[in-house]
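[1] Generate a structure from the sequence data that follows.
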Amino acid sequence: MAGLSAHLRELWRRVSRLDLFAIAVLLIGLVAALAEPARRTGGTLSFLKFLAILAAIYLIFRLIGYWRARLLWSLRNRLIVAYLFIAVVPVLLLLTLAILAGQLLYSQLGAYLFYEDLQRRVSALDDSARHIASVYSTLPKSIGESASEDILKAQAGQVRGQELPGLVLDLHGERDLLRRLAPVPGAYFSGVVQSGAQLSLLSIHEAHGPRGDAVIRLEVPVTPDLLEKVAPALGSVHLSLMDRCIGCEPREVLYTDSNGRYRLLARISARARALRPATSWFDATIQGYSKLEVEYIGPDGRVKPGHPAFVVFSARISDLNHRLFSSLGDFSNLYVELFALVAVVFLLIELAALIIGIVLTRRITKAVAELYRATQYVQAGDLTHRVRIERHDQLGVLGESFNLMTSSVSNLIEEQKRRQRLENEITIAREVQTQLFPRDLPAVAGVELEATCRAARVVSGDYYDFIPLGPTQLALAIADISGKGISAALLMASLQAALRSQVLAPGAAEQSTAELVSRLNLHLVRNTGDDRFATFFYAVYDSATRRLRYTNAGHLPSFLVSDGKSRRLTTGGMVLGVVEDYRYEQGTIEVAPGSLLVGYSDGLVEPENVYGEEFGIQRLEEVTLRLRSASPVAVAETLMAAVDEWAGTPEQFDDMTVIVARLF
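    Okay, here's the model as predicted:
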């Protein structure tokens, strides 16, 4: 914002009185344009708008001059702009012209293919009509009417089928229609005719013979079936029929010529035609249209020549190229590919020339620009900036002197930033850790709880949780996340969120612990990397039924102390986050009154004494058995103290977590 304000103040200082006058005229012209009715022309308001346009042009040139002075202040920018106008802009203009020319060429080629294929069918229809008329002139008078029609229809059958679907033969055509279409006596007609919303290929010939005169009419309606076979090199084809309108609304008018205005009457579309997939990235889609002039037969029977009909089509460049170079045979693709290769080579040469020009420009001005920017950084109080030394000339030696001058101060600033980043990470880690563990131990009838977690570093990789499921039900969880630091804390947060979303769902108190652990395993597999996993122990205790259900997913076995014995809880399966469809098992235990449940992490059993012996699970059970009548708080504190005494050193190598639950 400060930089923008400085630019605005500098721009305001450059504003002259003439500029202020032009701004005022522009504002007055805008007000006049808003106040003047849309259809009103002439008058004072129009003159004000004209002055506003002149003022806008003047202000645009003034702004261009201002920004040009700022842009061309740098020597590098001057050289780059000069090179762009000399080399790049002409190439871009030529490339744009080539693209537009190619679009026009291929569009016209597609229109020609459609028109030529349609005229070929009209010619085939005309040849058939001529042949039928010739056969009619040779039929003797003695042949019956029915037999002669069968002979002529058999001749027409030669052009039926794929080329002219829906062909209709009429041996008793209207002579008046022929006279309207071909007013010259003895003439014939072949072409495209529109009658209402129907478009047809029509050929009418007059035949003379021993049986008298007849009018032979062959007609093929232009239907979607016919359009699907016309110009197979094209993709989708849509034929729009127009209707001349008088007094219609302007929004209905789609086309206007010297004969009047026209609106859309009907549209015929090929149903099964579609563009095939592109053969390459430059095999673009061409959209084109063509105007057909047809003979229009009005409701009163009058014929109006030159009636418009429009064809809209799409095509692939590769299909049009194949049709365009079909005379070359197998070499058609070779010529197209050779042309594309040459075009790509030319483009690469131009890009290389542009890159070389920019590189040369940067080498000429880079040293000066680097030193100038360095002085700006120092002026702003930033001493961490360094001048890049690429050549050991006089400017390079000057840059080295600048770097040595600011080296000591910048090192101190960098050290300060590193300490600040470390403190921020510690703060984030502590916040994550605080959110992971329960703040208050829940109060559930028949259960007395205590939990302790002592991190080896700032962030603990262990996790425990207590979740009440009802007045007499409590869920207990303890986990050990792979890895350390913030990444482990984030995975702990994900595990806690997934666990609580599953446990707090309706009906979660009755679901199997194995099913819940399976869902957590699926969550970790799909949302963590292959090198991340977690050991997990989950149990649900119901003080009303005195039943403990649990699943151990690869965690060190928790144990239940009752009647002077310790029972390890091992039923479950492997660690979470490794195998997606792994099935876990649920263990169930009937709990005696006053039993003690202890869960722990590997930090309590892996510490070694001076002889390299681990504390171990057995010693942990022995200490717990001696304290089986003590409170959970005393048990947790004593276990921690026993491990510290065994290790004999204040240094802690792993996270230490223990949960103790007295089950009444």
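[2] ok but I204 is inside a helix, no?
    No. I204 is assigned strand when assessed by DSSP: H, G, I helix; E, B strand; the rest coil, not a helix.
[3] who does V561 bridge with?
    Beta-bridge pairing of V561 under DSSP bridges involves S566, L596.
[4] actually C453, not the one I typed
    Using DSSP bridges, the beta-bridge partners of C453 come out as T657.
[5] what sits against it?
    Contacts here follow CB atoms under 8 Å, 6 or more residues apart in numbering; on that basis C453 touches 437, 460, 462, 464, 655-657. Just so you know, the C-beta spots here come from the backbone N, C-alpha and C atoms, and that holds for glycine as well.
[6] Next, format those as JSON lines and append neighbour count, distance to E606 and pLDDT.
    Converted to JSON lines, the contacts of C453 look like this (neighbours: other CB atoms under 10 Å; distance: CB to CB, whole Å; pLDDT from 0 to 100):
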{"residue": "F437", "neighbour count": "17", "distance to E606": "22", "pLDDT": "80"}
{"residue": "S460", "neighbour count": "28", "distance to E606": "15", "pLDDT": "75"}
{"residue": "D462", "neighbour count": "26", "distance to E606": "13", "pLDDT": "85"}
{"residue": "Y464", "neighbour count": "22", "distance to E606": "18", "pLDDT": "91"}
{"residue": "D655", "neighbour count": "23", "distance to E606": "11", "pLDDT": "82"}
{"residue": "M656", "neighbour count": "25", "distance to E606": "10", "pLDDT": "88"}
{"residue": "T657", "neighbour count": "27", "distance to E606": "13", "pLDDT": "91"}
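[7] can you tell me which two in those residues are farthest apart?
    Greatest spacing in the contacts of C453, by CB to CB: F437 and M656 (13.8 Å).
[8] so what's R373 up against?
    Taking CB under 8 Å, 6+ apart, we find R373 in contact with H385.
[9] tell me which element it is part of?
    Using DSSP states H and E, R373 falls within helix 332-379.
[10] And S290, by the same measure?
    Here S290 sits within strand 285-297, counting by DSSP H and E.
[11] which other residues reach that strand?
    The contact list for strand 285-297 (CB under 8 Å, 6+ apart) reads 103, 106-108, 110-111, 114-115, 118, 177, 180-181, 191-195, 199, 235, 244, 275, 278, 303-317, 320.
[12] run the last query once more with 7 Å
    103, 106-107, 110-111, 114-115, 181, 191-195, 199, 275, 303-317, 320 (CB atoms under 7 Å, 6 or more residues apart in numbering).
[13] Stretch 475-489 now?
    Against stretch 475-489 from outside (CB under 7 Å, 6+ apart): 425, 428-429, 432-433, 457, 459, 461-467, 469, 491-492, 495, 499, 503, 532-540, 555, 599, 601-602, 657, 659, 661.
[14] And the residues you listed, which of them are buried?
    By neighbour count, with 16 or more other CB atoms under 10 Å, the contacts of stretch 475-489 hold 429, 432-433, 459, 461-467, 469, 491-492, 495, 499, 503, 532-540, 555, 599, 601-602, 657, 659, 661 as buried.
[15] Show the low-confidence segments of the stretch 551-664 of the chain, by residue range.
    Nowhere does the stretch 551-664 of the chain drop to pLDDT under 70.
[16] buried stuff in stretch 343-360?
    Applying 16+ other CB under 10 Å to stretch 343-360 flags 350, 357 as buried.
[17] Now find how far off-centre that stretch is within its chain.
    Remark: stretch 343-360 is offset 31 Å from the chain centroid, using CA atoms, centre = their mean, to the nearest Å.
[18] do stretch 270-288 as well
    22 Å.
[19] Any buried residues in that stretch, and which?
    The neighbour-count check on stretch 270-288 (16+ other CB under 10 Å) flags 270, 273, 284, 286, 288 as buried.
[20] hmm, which of the contacts of strand 285-297 are the buried ones?
    Buried among the contacts of strand 285-297 (16+ other CB under 10 Å): 106-107, 110-111, 114-115, 181, 191-195, 199, 303, 307-311, 313-317, 320.
[21] So which of those residues are in helices?
    If you go by DSSP state H, the buried ones among the contacts of strand 285-297 have 106-107, 110-111, 114-115, 181, 317, 320 in helices.
[22] Keeping just the C-alphas, turn stretch 631-645 into CSV.
    C-alpha atoms of stretch 631-645 as CSV (Å, rounded to 0.1, in the frame of the first residue of the first chain):
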residue,chain,number,x,y,z
SER,A,631,-4.4,-45.7,43.9
PRO,A,632,-3.9,-45.2,40.1
VAL,A,633,-2.0,-42.0,40.8
ALA,A,634,0.5,-43.7,43.1
VAL,A,635,0.9,-46.6,40.6
ALA,A,636,1.7,-44.3,37.7
GLU,A,637,4.2,-42.2,39.7
THR,A,638,5.9,-45.3,41.1
LEU,A,639,6.3,-46.9,37.6
MET,A,640,7.9,-43.7,36.2
ALA,A,641,10.2,-43.5,39.2
ALA,A,642,11.2,-47.2,38.9
VAL,A,643,12.1,-46.7,35.2
ASP,A,644,14.2,-43.6,36.0
GLU,A,645,16.0,-45.4,38.8
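[23] got a list of contacts for it?
    Identification of contacts with stretch 631-645 by CB under 7 Å, 6+ apart yields 448-450, 452, 454, 596, 604, 607, 615, 620, 623-624, 627, 656, 658, 660-662.
[24] What's the PyMOL line that selects buried ones from those?
    Selection of the buried residues among the contacts of stretch 631-645 in PyMOL, burial being defined by 16+ other CB under 10 Å:
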select buried, resi 448+449+450+452+454+596+604+607+615+620+623+624+627+656+658+660+661+662
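[25] Which of the contacts of stretch 631-645 fall within helices?
    The helices, defined by DSSP H, take in 620, 623-624 from the contacts of stretch 631-645.
[26] can I get these in CSV with distance to K565?
    Shown next, in CSV, are these (distance: CB to CB, whole Å):
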residue, distance to K565
L620, 15
V623, 15
T624, 11
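[27] If we only consider the residues you listed, which is nearest to L97?
    So of those, ranked by how close each gets to L97 (CB to CB), first place is L620, at 84.4 Å.
[28] was I right about that closest one contacting V605?
    Yes. In this structure L620 lies within contact range of V605 using CB atoms under 7 Å: 6.0 Å.
[29] circling back: pull the most distant pair out of the buried residues of stretch 270-288.
    Among the buried residues of stretch 270-288, the pair separated by the greatest distance (CB to CB) is A270 and A284, at 21.1 Å.
[30] rewinding a little: the ones in helices among the buried ones among the contacts of strand 285-297 into a markdown table, with extra columns for distance to L97?
    Formatted as a markdown table, these follow (distance: CB to CB, whole Å):
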| residue | distance to L97 |
| --- | --- |
| Y106 | 15 |
| S107 | 16 |
| G110 | 20 |
| A111 | 21 |
| F114 | 26 |
| Y115 | 27 |
| L181 | 44 |
| I317 | 17 |
| L320 | 20 |
